[in-house]
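K.L.:
sequence and computational prediction follow.
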Amino acid sequence: MRWTLLTFCLMGGGALAAAPDPARLMQGWAAAYATNDGARAAAQYTADARLWGSVSREQTVGTAAITAYFARVRPGATGIDVRFGEFALRELAPGVAVASGHYTFLRRLADGSETQEPSRFSMVMVRGADGLWRIADHHSSRLPR
């Protein structure tokens, strides 16, 4: 599959342990994030992936560390979600794709209110020997106010 510069808007979808193409991998990542299940989220990444998370001062490396990062408790939150805004998805080489753009983290609180954290991201995704795509490098940071 060959892509040119594309802009997508993803609105959820089924979570997959890994995905057959980069756009579906991103949908699976968002669905896994919403479960607050660290192992399910980490399954979207390569074994040696690197994550610069928006709530960490250090880079998170490898499956165990990424599992722990995504398994942390969101204080006061009764539900979490991430919604993709505008982003570009490009194939850099066969089996290597990069996406960069905006997403918003949402947290529903016990009092019924919702907080939103507009953020920016980049994800480098690679297709493994099994033909499935996984995230090899992921950077996320909050948008400046």
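P.N.:
Perfect, I can see it now. Numbers count the residues shown, from 1 in each chain.
K.L.:
check what pLDDT Met1 gets.
P.N.:
pLDDT, Met1: 38.
K.L.:
typo on my end, it should be Leu6
P.N.:
The per-residue pLDDT reported for Leu6 equals 38.
K.L.:
is it true that Gly131 touches Pro20?
P.N.:
Yes: counting by CB atoms under 8 Å, Gly131 does reach Pro20; the two are 7.0 Å apart. Glycine gets a C-beta too; all of them are placed from N, C-alpha and C.
K.L.:
looking at those two, which one has more neighbours?
P.N.:
Counted by other CB atoms under 10 Å, Gly131 and Pro20 do not tie: Pro20 has more neighbours, with 13 against 9.
K.L.:
what helix or strand is the most centrally placed residue in the chain on?
P.N.:
Residue closest to the average C-alpha location in the chain (CA atoms, centre = their mean): Trp29, at 4.7 Å. Secondary structure assignment for Trp29, by DSSP states H and E: helix 22-35.
K.L.:
what does Gly79 give?
P.N.:
strand 77-93.
K.L.:
phi, psi for the residue lying farthest from the centre of the chain please.
P.N.:
Most distant from the centre of the chain: Asp111, at 27.2 Å, with distances by CA atoms, centre = their mean. Per-residue torsions, Asp111: phi -80, psi 0 (degrees, to the nearest 10).
K.L.:
that one and Ala77, how far apart?
P.N.:
To Ala77, Asp111 is 11 Å away according to CB to CB, to the nearest Å.
K.L.:
Ala88 now?
P.N.:
Distance from Ala88 to Ala77, by CB to CB: 30 Å.
K.L.:
do Gly112 as well
P.N.:
Relative to Ala77, and taking CB to CB, Gly112 is found at 12 Å.
K.L.:
looking at those two, which is more packed in?
P.N.:
Ala77 (15 against 7).
K.L.:
with that, I have no additional questions.
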